[in-house]
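**Q** curious how this folds, go ahead:
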Amino acid sequence: MTTRHPLSATVLGYPRIGAKRELKRAVEAYWAGNIDDAGLAAASAEVRAQMLTDLSAQDLTSVPVNVFSHYDHVLDTTAAVGAIPERYRNVGGTLAQYFAAAHGNAELAPLELTKWFDTNYHYLVPELGPDTVFSAQPQKALQEYHEAVERGLQARPVLLGPISFLLLAKPEPGSPSDFHPLSRLEDLIACYRDLLAAFTEAGATWVQLDEPALCADRTEAELAAVATAYTALAHTEANIFVTGGYGSFDKALPLLLNSGIDALAIDAVAGASDIDWLEANEVPPQVTLVAGVVDGRNIWRTDTVRAAAIVDRIKAVATTVGVSSSCSLLHVPVDLEAETGLAPELAQRLAFARQKIREVSQLAQPDGERWSRGESNLAWRNDHIRQRLASLDASATQRDDFETRVKAQEAHTPLPPLATTSIGSFPQTTDIRRARAQHRNGLMIDVDYKSRLKKEIASVIELQERLDFDVLVHGEAERNDMVQYFAEHLAGFTTTEAGWVQSYGSRCVRPPILFGDVSRPSPITVDWSAYAQSLTTKPVKGMLTGPVTILAWSFVRDDQPLSDTAAQVALALRDEVADLEAAGLKVIQVDEPALREMLPLRQAEQDDYRRWATDAFRLATAVVKPETAIHTHLCYSEFGEVIDAINALDADVTSIEASRSKMEVLQDLHASQFARGVGPGVYDIHSPRVPTVEEIASALSKAIAVIDPKRLWVNPDCGLKTRRYKEVEPALASLVEAAKQVRAQL
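**A** The predicted structure follows:
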């Protein structure tokens, strides 16, 4: 066992996009052919250098490395164990193979993309088979380790732990039906032992293995695998530091403590029940407990008086104790100091990644600064909204039964089987983004800006009519982001200037800050949707973001239950839905892509979430008449885990991502006897690849085998905002033609 430096003050990970999204620009320039491998390497090195500067600015006793990624840390671990699927191996060099797996190319579809536990981060799903050959590839991690050591930092390489890697993986195509990736544990452990040996040989005294999958309910076989893996890995030269970061370890906690590992991080924010267990049981004296008391997933300043009390509880049961963030700081923006427009009374309550490092450092010092947050600002309260909610009864969330609604909708808006539509957004061109920036900066007056947007809406409507879509969308040219746009128009929210957070790959978002009671001062989308409807005789969908997704993709106040905040957002959206219907919109889509994302990881907490999440959606939508169709959209999640909740939303049509997951959602829909309208996405919009008519027709043929064609819709996986028209037009043409071909065979 190597001599180890202390983990008394550390963080479990760090934002890797750069304070000004430098990595995003470099990666996209690389994809566009504007820089080569050397150019991307140079830009990446600059981002890593700034990460190390940030991590060395406070008195951390250990810093994580190998937390930088060109696209996704799960894909990085896939590469580190030599498990990039064979089909990507002939693409070119290492980077070309990596990016082919990440976002595909003209010939190859990428790996499946799905949500990282209960967050808005998306990871690439590893594909493993019985014959996958694991081989240790430590080069990337070692490079980043040496960069930190050269700065005089005590660094530890970070990898996704072997149990989580296998539990997140799926069988590669062609695997036997009874194959499960966890059966490859023994071979993977051997590979991890080789990686650990490489790290210790280079001088690393700690290696961090992240096991977030252990924060969810696990079977007895999976728990047995935990003991097997860590008993084996603990008996190496490496000092093993295991983290969870997304809740309690629960039944895995004693297995890890008694496996021989050297340190364990306790998520004291989302997994405080582990502390109760520790106080009631004996902690092996050789195990360092690291108290994750600084919230790595929200931007509220830590109440360090309360956090210090939690650290003291852990000190009472463990010989050696450290302080850390609750999880990686990947989920928060880089620096609060970049925000100059926030109200001072709000800004003083916030902390981004750089500020959270300071909080960790202060908490690790016995005489460090202590601060108590106190009560929320009473000016953020809206008694009128609270009274409105209190006056509602059960009828506010009820509509007529589905069959009654279907008959009314078919009479009012007849549509063919396999009706075609799009999810919502169309490409945000350079001209549109430039016009928005000019308007925001006062360089374009309102009338000119509105005229420019109307021109874009008219173009989008004309394109859809030319392609012969059945239900149209206005394209959302006016929206910068599907959540931020609403936050800018709802009371109780504020937005940031540079609060960027990685969602996946080069895709970054600026989550709004929901700090007070929520209300809608005036209509938000009605004028744009009504204008689009005036341009065509075909139905146009009104487009809204649902209450759960607005919460999931914002930094939300933590001084009241999420259910109360969701109801406030839903009430504001209810007013918007009513106004859209009054303006003549007979199809209204309220997107809830985060429905699965917010599902608690522990089953004991899930029923309550499903109740308030579906109640919020129904509160927002149940105001319409039977002839008005309510659609919703979900993407990049394991839908089988929330299929009952999807049904409980009581939407008339649900569109669901399906192409990357190879239409596996059809099995869940069939098993649940889902009887409402459904649109399993047939075009993967996160890849530049244009699908053929034959591919889409084949997917539709699978769908009609389990879904009544009258209830089957044909649509892309998600909105088209990030794509270019040169990809979108032929892809949508293929979609419509495939629908017509399959429709003709019915």
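**Q** how is this structure divided into domains?
**A** 22-368, 403-744 (automatic domain parsing).
**Q** verify the contact between Ile324 and Thr10 for me.
**A** If you look again at residue 324, you'll see it is Ser, not Ile. Yes. Using Cβ atoms under 8 Å, Ser324 makes contact with Thr10 at a distance of 4.9 Å. Heads up, the C-betas are built off the backbone N, CA and C, glycines and all.
**Q** can you list the buried residues in the least confident helix or strand in the chain by mean pLDDT?
**A** Least confident helix or strand of the chain, by mean pLDDT, DSSP states H and E, is helix 665-671 with a mean of 78. By neighbour count with 16 or more other Cβ atoms under 10 Å, helix 665-671 contains the buried residues Val665, Leu666, Asp668, Leu669.
**Q** cool, stretch 294-303 as well?
**A** Val294, Asp295, Gly296, Arg297, Asn298, Ile299, Trp300, Arg301, Thr302.
**Q** of those, just say which sits nearest to Val742.
**A** Arg297 (43.3 Å; Cβ to Cβ).
**Q** Three-state assignment for the closest one, please.
**A** coil (DSSP: H, G, I helix; E, B strand; the rest coil).
**Q** was I right about it contacting Leu329?
**A** No. Checked against Cβ under 8 Å, the pair Arg297 and Leu329 is beyond contact range at 9.0 Å.
**Q** give me the contact list for stretch 38-49.
**A** 16-18, 22-23, 25-27, 29-30, 35, 68, 70, 95, 144, 147 (Cβ atoms under 8 Å, 6 or more residues apart in numbering).
**Q** just the residues you listed now: which is nearest Ala318?
**A** Glu144 (29.8 Å).
**Q** ok, the closest one - contacts?
**A** Contacts of Glu144 (Cβ under 8 Å, 6+ apart): Arg48, Val65, Asn66, Phe68, Ala155, Pro157.
**Q** switch the residues you listed over to a markdown table; also include pLDDT.
**A** Shown next, in a markdown table, are the contacts of Glu144 (pLDDT from 0 to 100):
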| residue | pLDDT |
| --- | --- |
| Arg48 | 98 |
| Val65 | 98 |
| Asn66 | 98 |
| Phe68 | 98 |
| Ala155 | 97 |
| Pro157 | 98 |
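**Q** can I get those in JSON lines with distance to Glu359 and neighbour count?
**A** Output for the contacts of Glu144, formatted as JSON lines (distance: Cβ to Cβ, whole Å; neighbours: other Cβ atoms under 10 Å):
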{"residue": "Arg48", "distance to Glu359": "23", "neighbour count": "20"}
{"residue": "Val65", "distance to Glu359": "21", "neighbour count": "27"}
{"residue": "Asn66", "distance to Glu359": "24", "neighbour count": "26"}
{"residue": "Phe68", "distance to Glu359": "23", "neighbour count": "25"}
{"residue": "Ala155", "distance to Glu359": "21", "neighbour count": "27"}
{"residue": "Pro157", "distance to Glu359": "25", "neighbour count": "28"}
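**Q** give me the subset of the residues you listed that lies in strands.
**A** In strands, defined here by DSSP state E, the members of the contacts of Glu144 are Val65, Ala155, Pro157.
**Q** name the element the residue nearest to the second one when sequence neighbours are not counted belongs to?
**A** Spatial nearest neighbour of Ala155, chain neighbours left out: Ala148 (3.6 Å); criterion: Cβ to Cβ, 6 or more residues apart in numbering. When elements are assigned from DSSP states H and E, Ala148 belongs to helix 139-150.
**Q** centroid-nearest residue for this protein?
**A** Asn120 (1.7 Å; Cα atoms, centre = their mean).
**Q** coming back round to it: select only the buried ones of the contacts of stretch 38-49 in ChimeraX?
**A** Buried members of these, defined by 16+ other Cβ under 10 Å, are picked up in ChimeraX with:
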select :16,17,18,23,25,26,27,29,30,35,68,70,144,147
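**Q** between the contacts of stretch 38-49, which sits nearest Asp59?
**A** Distances from Asp59 to the contacts of stretch 38-49, taken by Cβ to Cβ, are shortest for Glu147, at 20.1 Å.
**Q** which stretches of the chain have low pLDDT?
**A** Along the chain, the parts satisfying pLDDT under 70 run over 1-5, 376, 378, 636-639, 660-662.
**Q** go again using 80 as the cut-off
**A** Residues of the chain that meet the criterion pLDDT under 80 lie in 1-5, 374-379, 635-641, 658-672, 686.
**Q** circling back: nearest to Pro716 among the contacts of stretch 38-49?
**A** Val27 (23.3 Å).
**Q** outside of the helix or strand harbouring that closest one itself, list whatever touches it.
**A** Using DSSP H and E, Val27 maps to helix 22-31. Residues outside helix 22-31 that contact it (Cβ under 8 Å, 6+ apart): 16-18, 35-37, 39-40, 43-44, 46-47, 50, 70-71, 95, 99, 103, 505-508.
**Q** if we go to 10 Å?
**A** Helix 22-31 is contacted by residues 15-18, 21, 34-37, 39-44, 46-48, 50, 68-71, 95, 99, 102-103, 105, 500, 502, 505-508, 688 when judged by Cβ atoms under 10 Å, 6 or more residues apart in numbering.
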